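1. Generate coordinates for the sequence data below:
(2 chains)
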Amino acid sequence: MKSLVYGERIRENVLVKTKFGNCILCLTNFAVTLESITKGLILELDHESVISFQPIEKKLLKLVWSENSSIYDLIINYEEPIDIANKFKKIQTDYINSLRIAGIKTEERINNNKLNDIKQNQQN
Amino acid sequence: MISNRINKTKKIKTISNYTIQSHNDEKIIKAFEVKKSTHGKGIFYITNYGVYFESQKHGIIIKIDFEWLKSYNTIKKNTFQIVWNTQNNDRFKYEMKVKSAEEIMLAYRNANNEYAESITEIQVLKTKYT
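-> Predicted coordinates:
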């Protein structure tokens, strides 16, 4: 189970399969986490690091994120009949809206950071 | 290329001072007997700010606020695990054999939810980015 920080709320918990085995994909208002059922936390990403979270086939998602000027991806297989990609999109949008309400102009900042990471990766 | 964020969790082997912060209004919510751990028997405490483990033999081994804790799990039957980050972004885990891991999971979840809900998302974002 994901441990929550101040202000954090779990929006979705989904059982999935990855190369790390059976996992729980947890979407909160601040982060996306992946926990192995047997080994605990594997991956934690804030919404600003996630570049895309898209379906690539039926019940197959690809999570792409940026980290230190590199781009990484992970394939996620799920069985539950929910549209994870769209739920994530909504959560990410809500996060950006919350930043706006809090008086922080980050949409440009997030997009610029992601673009810079992608460009850096292409150059490398 | 391996992401730095994936699975670089270390186990504590030596006794170190992992105390992050003490709070004036910190209260113990629940205490659980630990039958076995890397540092022997002891008591695992859940407070309104986080957790700590006090070994019978070595004293307080770990004391971590919820802000640094990343996950809590039942790994094997009656083995409870916590995972946390340090300020250097190192990640550690600690496992404890207990009487009922499910009972600890429930107590942790309740304390953690109350902690998380004590401040709104907007307040947190304002503090973090301004």
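
2. Residue numbers of chain A in contact with chain B?
-> Within chain A, the positions lying close to chain B (CB under 8 Å from any CB of the partner chain) are A:1-9, A:20, A:29-30, A:33, A:35, A:38-45, A:65, A:67-68, A:70, A:72, A:98-99, A:101-104, A:106. To be clear about C-beta, it is placed using only N, CA and C from the backbone, and glycine gets the same treatment.

3. Just the buried ones from those?
-> A:1-8, A:20, A:29-30, A:33, A:35, A:39-45, A:65, A:72, A:98-99, A:102, A:104, A:106 (16 or more other CB atoms under 10 Å in any protein chain shown).

4. Which of those residues fall within strands?
-> Per DSSP state E, strands hold the following members of those: A:Thr33, A:Glu35, A:Gly40, A:Leu41, A:Ile42, A:Leu43, A:Glu44, A:Leu45, A:Trp65, A:Tyr72.

5. Against A:Ile75, how distant is the fourth one?
-> Just to be clear, that refers to A:Leu41. To A:Ile75, A:Leu41 is 19 Å away according to CB to CB, to the nearest Å.

6. how about the helices in chain A?
-> Applying DSSP state H to chain A gives helices spanning A:84-101, A:107-123.

7. Worst mean pLDDT among these?
-> Ranked by mean pLDDT, the helices of chain A end with helix A:107-123 in last place, scoring a mean of 56.

8. For A:Leu4, which residues are in contact?
-> By CB atoms under 8 Å, 6 or more residues apart in numbering or on different chains, the residues touching A:Leu4 are A:Ile10, A:Thr28, B:Phe66, B:Asn112, B:Asn113, B:Tyr115, B:Ala116.

9. Give me the below-cutoff pLDDT ranges for chain A.
-> Residues of chain A that meet the criterion pLDDT under 70 lie in A:105-124.

10. B:Glu67 in helix, strand or coil?
-> coil (DSSP: H, G, I helix; E, B strand; the rest coil).

11. measure the residue nearest to it when sequence neighbours are not counted to B:His58 for me?
-> Computed as CB to CB, 6 or more residues apart in numbering or on different chains, the closest residue to B:Glu67 that is not its neighbour in sequence is A:Val5, at 5.1 Å. Remark: distance between A:Val5 and B:His58 (CB to CB) = 28 Å.

12. which residue sits closest to whatever residue of chain A ends up closest to chain B, ignoring its sequence neighbours?
-> Residue of chain A nearest chain B, by CB to the nearest CB: A:Gly7 (3.4 Å). Sequence neighbours aside, B:Val124 is the residue nearest to A:Gly7 in space, at 3.4 Å (criterion: CB to CB, 6+ apart).

13. just A:Ser3 next, same as before
-> Nearest residue to A:Ser3, sequence neighbours excluded (CB to CB, 6+ apart): B:Leu69, at 4.0 Å.

14. any chance of the ones in strands among the buried ones among the residues of chain A next to chain B in TSV, plus distance to A:Ile24?
-> Converted to TSV, these look like this (distance: CB to CB, whole Å):
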residue	distance to A:Ile24
A:Thr33	8
A:Glu35	5
A:Gly40	10
A:Leu41	10
A:Ile42	10
A:Leu43	11
A:Glu44	12
A:Leu45	15
A:Trp65	18
A:Tyr72	20
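
15. Please name the residues that touch the residue most central in space within chain A.
-> Centrality entry for chain A: nearest residue to the mean C-alpha point is A:Val32, 4.1 Å, by CA atoms, centre = their mean. A:Val32 is in contact with A:Leu25, A:Cys26, A:Leu43, A:Glu44, A:Leu45, A:His47, A:Val50, A:Phe53, A:Leu63, A:Phe88, counting by CB under 8 Å, 6+ apart.
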